[in-house]
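Q: Structure for the following, please:
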Amino acid sequence: MSDASVGHGTSLRVRLREKLPEILIEAASVVIALLLALALNSWNDARHDRERAIAARAAILAELRANRAELVEAQPILKTIIGDLQAALDPDKPEPRELKVNLGLSLLSSGAWHAALATQAMQDMDFAWTTRVAKVYELQDNYLRVQNVAIDQVGSIPADKNLSSRSVAQSLIQRVITLSQLADGLARSYDTVLDAPRE
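A: Numbering: from 1, shown residues only. As a prediction, this is how the structure comes out:
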């Protein structure tokens, strides 16, 4: 081994030893920058998730308020229909010549709820609140099913002059009473969510 190669190896080790702190500092700064970028990305994703959950909750509450307003309009109409049907069934009164059943259609939406489920915005919402809201939407679905059946039943009454008002009233009254009771329960369910303090 020549003196030149020994001197070259020694100078390389000396230079490496001199540069080692600088190399370690650069490597550490790259690692720190990478960790900071990952933490910032994670924080940004969490912020977007929170914003999406807040927007979804606001949309659900707005939808429930609109649904409640729609239902509040329907409740007195249902009570009037029940009163008219009961009057038609009263044996002490003459049978009415004409029986009007103006059963309106309550258009209750669940679009915001389904959108929140589809976008997974529910992951960042309070579980107890989400459960209460899910129960309201389940009751709303039941109300809409009974409403659709009642409307179908009213629509299927034949235009027959020989059909008595009492028989029509008898066939409809229980369905309309059920619909009215569901409307009252649904209105109370809306109130439990909409009038509850913010969690």
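Q: gap between residue 53 and residue 62?
A: In this structure, residue 53 and residue 62 are separated by 15 Å, where distance is defined by Cβ to Cβ, to the nearest Å. Where C-beta positions appear, they are placed from N, C-alpha and C, glycine not excepted.
Q: elements contacting the host helix or strand of residue 191?
A: In the assignment (DSSP states H and E), residue 191 maps to helix 165-194. The helices and strands touching helix 165-194, judged by 3 or more Cβ pairs under 8 Å, 6 or more residues apart in numbering; DSSP states H and E, are helix 3-89, helix 127-155.
Q: That helix to helix 3-89, inter-axis angle?
A: Orientation note: helix 165-194 sits at an angle of 150 degrees relative to helix 3-89 (axes from the mean of the first three to the mean of the last three Cα atoms, to 10 degrees).
Q: Can you find the helix or strand of the protein with the lowest average pLDDT?
A: For the chain, the helix or strand with the lowest mean confidence is helix 3-89, at a mean of 83 (criterion: mean pLDDT, DSSP states H and E).
Q: For the residue nearest to the spatial centre of the chain, give its distance to residue 130.
A: What sits nearest the mean C-alpha location of the chain, by Cα atoms, centre = their mean, is residue 113, with 2.1 Å. Residue 113 sits 10 Å away from residue 130, taking Cβ to Cβ as the criterion.
Q: Let me know the next secondary structure element after the least confident helix or strand of the chain.
A: Stepping forward along the backbone from helix 3-89, the first helix or strand reached (DSSP H and E) is helix 111-118.
Q: Residue 139 - how many residues pack around it?
A: Using other Cβ atoms under 10 Å, residue 139 has 16 other residues around it.
Q: List the contacts of it.
A: With contact taken as Cβ atoms under 8 Å, 6 or more residues apart in numbering, residue 139 is in contact with 182, 185-186, 189.
Q: May I ask which of those has the most neighbours?
A: Among those, where neighbours are counted by other Cβ under 10 Å, the top count belongs to residue 186, at 23 neighbours.
Q: quick one: contacts for it?
A: Applying Cβ under 8 Å, 6+ apart, we find residue 186 in contact with 71, 136, 139-140, 143.
Q: repeat that with 6 Å
A: For residue 186, the set of contacting residues under the criterion of Cβ atoms under 6 Å, 6 or more residues apart in numbering consists of 139-140, 143.
Q: what's the closest of those to residue 17?
A: The shortest distance between residue 17 and any of those, using Cβ to Cβ, involves residue 140 and amounts to 75.3 Å.
Q: pretty sure the closest one is in contact with residue 109, am I right?
A: No. The pair residue 140 / residue 109 is not scored as a contact, 9.1 Å apart, by Cβ atoms under 6 Å.
Q: more crowded one of those two?
A: Under the neighbour definition other Cβ under 10 Å, residue 140 and residue 109 were set side by side, and residue 140 has more, 22 against 14.
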